[in-house]
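# okay, predicted coordinates and the sequence, questions at the end:
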Amino acid sequence: MTQAPDVYRSKTWRVRLWIQAGCVLQAVGWVALFGVLGIRGNEGLLTWAAAVGFVVVVPFLALWPAIRLRRDGALVLRGWTQVRLAHVAEIARLSMTEYGLRFEFEDGTTFTSVIFQATHYFKRPRVLELIDALRGDGEKLYDPWDVLKPGGIELYSRPGDDRPGD
């Protein structure tokens, strides 16, 4: 496989800023609550588990996930429990699930990212920005609103489609 010229625009997508801010403020609120109430040292395991969950885990779940597209078409997909390196040409299908955007690859593996959710939007779903970026300078071969349908879309649905990187 020969490398295609840099036809992609380098971009990183993360959980929306207002969600990140809400998770961090919630963690600060818990720390302040413990500061006001005081820690006596006889708290139960459930109290400590809740404290760690709200102060450490919840902000991590909002701040860590990311999708990064590089100019050469390489993708870095960072989820809560795994990091996947792939190339745009390896993506066979995209679809929305109840957990986020699912990438299905040609080798049969999948990666679901919480960055994009099938939720309400004001003007245009943010996931369409990702799809436009994944197509690079290529022709759009699909109706971009199809990504919101339960079956999702296929980025390269035509037989003989000249995929970037081939």
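Noted; the coordinates are in hand.

# count the residues that sit near Trp13.
Other residues lying near Trp13 total 19 when counted by other C-beta atoms under 10 Å. Yep, even glycine has a C-beta here, placed from its N, CA and C like the rest.

# so the residue most central in space within the chain, which of the three states?
The centre of the chain sits closest to Ile115, judged by C-alpha atoms, centre = their mean, with a distance of 3.1 Å. Secondary structure for Ile115, judged by DSSP: H, G, I helix; E, B strand; the rest coil, is coil.

# hang on, it packs against Arg68?
No: using C-beta atoms under 8 Å, Ile115 makes no contact with Arg68, being 10.5 Å away.

# which neighbours do these two have in common?
Trp13 (C-beta atoms under 8 Å, 6 or more residues apart in numbering).

# where are the low-confidence patches of the chain?
Where the chain drops to pLDDT under 70, the residues are 1-6, 118-122, 136-166.

# report all helices and strands that the helix ranked longest in it contacts.
In the chain, assigned by DSSP state H, the helix with the most residues is helix 17-37. Helix 17-37 sits against helix 58-63, with contacts defined as 3 or more C-beta pairs under 8 Å, 6 or more residues apart in numbering; DSSP states H and E.

# and the helix it packs on, how far out from the chain middle?
Offset of helix 58-63 from its chain centre (C-alpha atoms, centre = their mean, to the nearest Å): 13 Å.

# that helix: what's the following helix or strand?
strand 66-69 (DSSP states H and E).

# list the buried ones in that following strand?
Ala66, Ile67, Leu69 (16 or more other C-beta atoms under 10 Å).

# look up phi and psi at Val83.
Dihedral angles of Val83 (phi, psi; degrees, to the nearest 10) stand at phi -120, psi 130.

# run through the helices of the chain in chain order.
Applying DSSP H to the chain gives helices spanning 17-37, 45-52, 58-63, 127-135.

# now distance to Leu75 too, for the buried residues of strand 66-69, in a markdown table please.
Formatted as a markdown table, those follow (distance: C-beta to C-beta, whole Å):
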| residue | distance to Leu75 |
| --- | --- |
| Ala66 | 11 |
| Ile67 | 7 |
| Leu69 | 6 |
